[in-house]
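# how would this look folded up:
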Amino acid sequence: MRATADIFNRELRRALKEGSVKIGARETKKALRSGEAKIVVFAKNCPSWLREEILQAASEGNASEVLFYEHNAGHRELGLVCGKPFAISTLCVTSNDFAEFVRRHAASEGEWSAAYMNTAKEWQKEKMEEGCGAVGRKERSGWREASGELVSGA
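Here you go, the predicted model:
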């Protein structure tokens, strides 16, 4: 799996040099809504509320063929892969070449079947089947549903 991750990281760096990567949740959501995004990459420790917001943006935009990939690195490591001195929880790639590369490797390498890669509809369907309903802003802001109180410092 390490060799496959290295290949993915190398291709991601190439896409960065070409200027076809949008870094951050805000840029990713804009690209999804405008139909530019081809692949969305999440760090493995990307917060669930952020994933839900991005999936919501995908359902609002023209993003039926966008693939969602969960990288095996955390957000700090993903930042380092991209050559940035900060953590990156999510990014999207707008290059058709990169999308074809990922699709080709996903089909040919059994290792990538373990990687989490789906379209937005498949991802949402799987989460609903697992019983992990949408995580909204209430959890993000520190709202406890059971007691109805606001938790400070959350």
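# Following element in sequence after the helix or strand Val40 falls within, please.
Per DSSP states H and E: Val40 is located in strand 39-42. Using DSSP H and E, the next helix or strand after strand 39-42 towards the C-terminus is helix 48-60.
# Could I get the average pLDDT for whatever helix or strand comes next after that next one?
Moving toward the C-terminus from helix 48-60, the first helix or strand encountered (DSSP H and E) is strand 67-70. If you average the pLDDT over strand 67-70, you get 85.
# So which elements touch strand 67-70?
strand 39-42, helix 96-108, strand 116-119 (3 or more CB pairs under 8 Å, 6 or more residues apart in numbering; DSSP states H and E). No exception for glycine: its C-beta is placed from N, CA and C like everyone else's.
# Show me what counts as buried in the longest one.
Yep, that's helix 96-108 we're talking about. Of the residues in helix 96-108, 98-99, 101-102, 105 count as buried by neighbour count, 16 or more other CB atoms under 10 Å.
# Among the residues you listed, which one lies nearest to Ser48?
Compare each of those with Ser48 using CB to CB and the shortest gap goes to Val102, at 23.1 Å.
# which non-adjacent residue is nearest the closest one?
Nearest non-adjacent residue to Val102, counting by CB to CB, 6 or more residues apart in numbering: Ile39, 5.9 Å away.
# who's the one you found bridged to?
Each beta-bridge partner of Ile39 is listed here, defined by DSSP bridges: Leu67, Val93.
# List the contacts of it.
66-69, 92-93, 98-99, 102 (CB atoms under 8 Å, 6 or more residues apart in numbering).
# what's the closest of those to Leu55?
For Leu55, the closest of these turns out to be Phe68, at 7.7 Å, with distances computed as CB to CB.
# by how many degrees do the lengthiest helix in the chain and helix 96-108 diverge?
Of all the segments of type helix in the chain, defined by DSSP state H, the longest one is helix 2-18. On the basis of axes from the mean of the first three to the mean of the last three CA atoms, to 10 degrees, helix 2-18 is oriented at 170 degrees to helix 96-108.
# Helix 2-18 - contacts with which helices or strands?
Using 3+ CB pairs under 8 Å, 6+ apart, helix 2-18 sits against helix 75-81, helix 96-108.
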